[in-house]
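**Student:** Return atomic coordinates for the entry below.
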Amino acid sequence: MRIHLIATGGAVMHNLALALQNNHHTVSGSDDEIYNPAKDRLAAAGLLPASFGWDASRITTDLDAVILGMHARPNNPELLRAQELGLNIYSFPEFIFQNSINKRRIVVAGSHGKTSTTAMIMHILQKSNRKFDYLVGAQLDGFETMVQLSDAPVIVLEGDEYLSSPLDRRPKFLHYKPDITIITGIEHDHVNVFPDFKIYKKQFSLLAESHTADGKLFYFKEDEHLEKIMSDNDFPCDCQAYGALKSEVKNGRTIAFDSKGNAHELQIFGKHNLENLQAAFLVCQEYGLTEEECWTAAETFAGAAKRLELIEKNESSNIWKDFAHAPSKVRATTNAVATQYPDRELVAVFELHTFSSLNKDFLGNYAGTMNKADRALVSFSEHTLKMKKMPMLDKSEVAKAFNHPNIEVFTDPEKLSQTLRALNFTNTNLLLMSSGKFGGIDLQNFL
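**Tutor:** Numbers count the residues shown, from 1 in each chain. Got it, this is the predicted structure:
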């Protein structure tokens, strides 16, 4: 097939371009800006556009499909030309479904923990020598791309609730029609497109309604919103609640226990990760793996990139970076590190970067989320607020919203960097949480 991707520079879109080329399709793409790592990866594959920007002449009648990324706008010249020519136009989740219609589809959904749980499932399947396709929201060790499409009988999909494309305002996961599903939990997010929490929650009900009738849906039992959705509805699939694996912490190591009481030392830690791993086990066993296969693989799982990723350590200090941005994830990640190392000081740093986190009306949701840290540092960029055309925040109102006794708020990345590098790391851990880049400061060589 000849396939053109509009807005090819996105994380998933450029990986989809690479996957399609690997399947011997003729692939082209366009974007108004492309940054690394996408730029270098597309260039190495010969898929980097010759010039940035939109050009309607790229859209011709010999194209079999046009895949539209979320970064494009409805008046995009290439999109308008594709519509004029009557070409097949897909959002990427719609295209993924069309290429997996005859596969067994495993979907991981929820407001938090999607990437980690998807990565766990992929790791277990790979270590157990199972053949599968996938779409995941981060680059994972052991996997060349974030997307793979082949003749495998199953596909593992990270099910994002954000909009599918500028033309398709449905959540991505509503395209997938899953056979096996995980919903990790629900917390109001993406307030720019779901300002009403009731509407946001409704999307997860619609996901359950879209399920195949003979499928299985696993949901986190301690989430009050999920419990109500499950009790108030009669979904077509079998719905089963799950909790965290049984575990204990010894000398900074997590020991988890299987159904027979056997102990297994894990590389990951934190209650939220033990919840995610239990969900991954349930899915893999539903797919046909044994409990022993799951545990053997899990012992070697070190985590997904930027999900409690250990970037430096010495005898008395560890430094992690984490993608946490939603309030529940900030709380869970902070609590996990504090619990794992109760005898060390914890300095937690969080960057307000997403639309939701920078919204004045949303800030109150972060109250107490960093309270397990001995010292809390919060940063935000005034430039980002201007670019997003959002009202300016005041440092004092940010500090008040987090309600931490030892909080400092920064708007200057250099001052934040100076503060971090002045820390005494003796018996001290540092946790860096952001879906952004902390204004581009160097996050290496603290120790």
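**Student:** going forward, measure contacts between C-alpha atoms and count neighbours the same way
**Tutor:** OK.
**Student:** which residues touch the residue most central in space within the chain?
**Tutor:** Centroid-nearest residue in the chain, with CA atoms, centre = their mean: T115, separated by 4.2 Å. Counting by CA atoms under 8 Å, 6 or more residues apart in numbering, T115 touches V136, G137, A138, E158, A304.
**Student:** And L63, how far from S435?
**Tutor:** Distance of L63 to S435, given as CA to CA, to the nearest Å: 35 Å.
**Student:** scratch that, N429 is what I was asking about
**Tutor:** 20 Å.
**Student:** out of these two, which sits in the busier spot?
**Tutor:** More neighbours surround N429 than the other of N429 and S435, with 21 against 17 (other CA atoms under 10 Å).
**Student:** what's the helix or strand for the more buried one?
**Tutor:** Secondary structure assignment for N429, by DSSP states H and E: strand 428-433.
**Student:** Against which helices or strands is that strand packed?
**Tutor:** Judged by 3 or more CA pairs under 8 Å, 6 or more residues apart in numbering; DSSP states H and E, the packing partners of strand 428-433 are strand 318-322, helix 327-340, strand 345-352.
**Student:** Next, the angle strand 428-433 makes with the second one.
**Tutor:** Just to be clear, that refers to helix 327-340. 160 degrees (axes from the mean of the first three to the mean of the last three CA atoms, to 10 degrees).
**Student:** tell me what helix 327-340 is packed against?
**Tutor:** helix 271-287, strand 345-352, strand 428-433.
**Student:** Can you redo the ones you listed as TSV, where the extra columns are distance to K395?
**Tutor:** Output for these, formatted as TSV (distance: least, CA to CA, whole Å):
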stretch	distance to K395
helix 271-287	30
strand 345-352	12
strand 428-433	18
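**Student:** Ok, which of these comes nearest L310?
**Tutor:** Among the helices and strands packed on helix 327-340, strand 428-433 comes nearest to L310, with 9.3 Å by CA to CA.
**Student:** Domain ranges for the chain, per the record?
**Tutor:** 2-87, 95-298, 309-440 (automatic domain parsing).
**Student:** so where is this protein shaky, pLDDT-wise?
**Tutor:** In the prediction, the chain carries no residues with pLDDT under 70.
**Student:** Okay, the residue of it most remote from its centre and L87: tell me how far apart.
**Tutor:** Checked against the mean C-alpha position of the chain, the extreme residue using CA atoms, centre = their mean is T61, at a distance of 36.1 Å. The gap separating T61 from L87 is 7 Å, by CA to CA.
**Student:** before we move on, back to that, check the contacts of T115 and tell me the two furthest apart.
**Tutor:** E158 and A304 (13.0 Å).
**Student:** Who has more neighbours out of the two?
**Tutor:** Shown here are E158 and A304; by other CA under 10 Å, E158 has more neighbours (26 against 22).
**Student:** I figured that one hits V107, correct?
**Tutor:** Yes - under the criterion of CA atoms under 8 Å, E158 makes contact with V107 at 5.9 Å.
**Student:** can you list contacts of stretch 57-64?
**Tutor:** By CA under 8 Å, 6+ apart, stretch 57-64 touches M1, R2, I3, H4, E78, R81, A82, L85, L87, N88.
**Student:** Look up phi and psi at the closest residue in space to the first one that isn't next to it in sequence.
**Tutor:** It stands for M1. Distances taken as CA to CA, 6 or more residues apart in numbering place H25 nearest to M1, at 5.2 Å, with adjacent residues excluded. The phi and psi values for H25, taken as degrees, to the nearest 10, are phi -80, psi 160.
**Student:** Contact partners for Y176?
**Tutor:** P93, E94, F97, R105, V107.
**Student:** any chance of those in CSV, with distance to V193 and secondary structure too?
**Tutor:** Shown next, in CSV, are the contacts of Y176 (distance: CA to CA, whole Å; DSSP: H, G, I helix; E, B strand; the rest coil):
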residue, distance to V193, secondary structure
P93, 18, helix
E94, 20, helix
F97, 23, helix
R105, 27, strand
V107, 22, strand
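**Student:** closest to F355 among these?
**Tutor:** P93 (22.6 Å).
**Student:** how about the nearest residue to that closest one, chain neighbours excluded?
**Tutor:** K172 (5.6 Å).
**Student:** quick one, phi/psi of the one you found?
**Tutor:** According to degrees, to the nearest 10, K172 has phi -60, psi -40.
**Student:** tally of neighbours for it?
**Tutor:** 21.
**Student:** That one and A376: what is the separation?
**Tutor:** To A376, K172 is 35 Å away according to CA to CA.
**Student:** same deal with Q139?
**Tutor:** Per CA to CA, Q139 is found 29 Å from A376.
**Student:** So for these two, which residue has more residues nearby?
**Tutor:** The neighbour count for Q139 versus A376, taken as other CA under 10 Å, is higher for A376 (22 against 19).
**Student:** pretty sure that one contacts N403?
**Tutor:** No - counting by CA under 8 Å, A376 stays clear of N403, with 10.1 Å between them.
**Student:** Need the three-state assignment for the residue nearest to the centre of the chain.
**Tutor:** The three-state assignment at T115 reads helix, by DSSP: H, G, I helix; E, B strand; the rest coil.
**Student:** Could you measure from it over to L447?
**Tutor:** On the measure of CA to CA, T115 and L447 end up 29 Å apart.
**Student:** Kindly confirm my reading that E414 is in a helix.
**Tutor:** Yes - under three-state DSSP, E414 sits within a helix.
**Student:** Count residues in the vicinity of the residue lying closest to it once chain neighbours are set aside, would you?
**Tutor:** The shortest distance from E414 to any non-neighbouring residue, by CA to CA, 6+ apart, is to I441 (7.1 Å). Neighbour count for I441, taken as other CA under 10 Å: 13.
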